[in-house]
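A.B. asks: quick one, fold the following:
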Amino acid sequence: MSRYLEIHPDNPQPRLVEKVVTALRDGGLIAYPTDSGYALACAPGNKSGLDRIRAIRQLSDKHDFTYVCADFGQVGPIAIVGNNAFRLIKRLTPGPWTFILKGTKEVPRMSLNPKKHTLGVRIPQHTISQALLAGFGGPILSSTFLRPGDEQPQTSGWEIEDSLGHLIDVVVEGPVTSTEPTTVVDLTADLPEVVRQGAGDVGLL
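C.D. replies: Numbers count the residues shown, from 1 in each chain. Next comes the predicted model:
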């Protein structure tokens, strides 16, 4: 069974945040709330964690994993961002968006799309997510918690704990801002391409 932690949505308890961060650093897999449903996450470079996310979500090796960042300053070392992409990301974040970009040489190859060498980048507007990122001190490798066949992500920590707790090391209980997944936008070409429409308003592109 996983460790189930109820974290305050407005004032996350440092002691509980540290327990989640420790699990990430020790190679664990967590489920945590965001501004667009729940997500699964592990530390960058954690191959076992990546494999566990793929197994739970039944993903192919072509899936673009997402680096969830505290702010735009954490994006530069991991992604190649052109001028147009820079302006768009700065304008729309933080918020329920995932941007597909080319990864830099600093990124573990196992977390990149094997053919396109791309990754997702996300800056959430969510107090618990930001507290975990601040505690970890860098981006975490993440994927929307969409179960096979579902169109919307998981939205309840206790339901995740009840049904899938045996597959996850830590389940963080907390509210989500939206029940829709992020809107995914590919920024690898000159014009943005919407890959998945979700909580982010595509009219803002």
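
A.B. asks: pick out the residue closest to the middle of the chain.
C.D. replies: The centroid of the chain falls nearest to residue 142 when counting by CA atoms, centre = their mean (3.4 Å).

A.B. asks: contact partners for that residue?
C.D. replies: By CB atoms under 8 Å, 6 or more residues apart in numbering, the contact set of residue 142 is 39-41, 65-68, 122. The C-beta positions use only the backbone N, C-alpha and C, and glycine is treated the same way.

A.B. asks: out of these, who has the most neighbours?
C.D. replies: residue 41 (32 neighbours; other CB atoms under 10 Å).

A.B. asks: show me what the closest residue to residue 139 other than its chain neighbours is bridged to.
C.D. replies: The shortest distance from residue 139 to any non-neighbouring residue, by CB to CB, 6 or more residues apart in numbering, is to residue 67 (4.2 Å). Beta-bridge partners recorded for residue 67 (DSSP bridges): residue 121, residue 141.

A.B. asks: tell me the pLDDT at residue 67?
C.D. replies: Model confidence at residue 67, given as pLDDT, is 97.

A.B. asks: and what of residue 1?
C.D. replies: For residue 1, pLDDT reads 57.

A.B. asks: same for the lowest-mean-pLDDT helix or strand in the chain, what does it pack against?
C.D. replies: The weakest-scoring helix or strand in the chain, judged by mean pLDDT, DSSP states H and E, is helix 157-164 (a mean of 92). Counting contacts by 3 or more CB pairs under 8 Å, 6 or more residues apart in numbering; DSSP states H and E, helix 157-164 is packed against strand 3-6, strand 30-34, strand 170-173.

A.B. asks: quick one: the second one to helix 157-164, angle?
C.D. replies: For the pair strand 30-34 and helix 157-164, the angle between their directions (axes from the mean of the first three to the mean of the last three CA atoms, to 10 degrees) equals 150 degrees.

A.B. asks: sheet partners, orientation included, of strand 30-34?
C.D. replies: For strand 30-34, pairing defined by DSSP bridges yields strand 37-42 (antiparallel), strand 170-173 (parallel).

A.B. asks: how far does the first one sit from its chain's centre?
C.D. replies: Centroid displacement of strand 37-42 relative to its chain, using CA atoms, centre = their mean, to the nearest Å, is 6 Å.

A.B. asks: next helix or strand past it?
C.D. replies: helix 47-57 (DSSP states H and E).

A.B. asks: distance of the closest residue to residue 125 other than its chain neighbours relative to residue 15?
C.D. replies: Leaving out its chain neighbours, the residue that sits closest to residue 125 by CB to CB, 6+ apart is residue 94, at 3.8 Å. Distance, residue 94 to residue 15, using CB to CB, to the nearest Å: 25 Å.

A.B. asks: which one of the two has more residues nearby?
C.D. replies: residue 94 (17 against 8).

A.B. asks: helix/strand/coil for that one?
C.D. replies: Secondary structure assignment for residue 94 (DSSP: H, G, I helix; E, B strand; the rest coil): coil.
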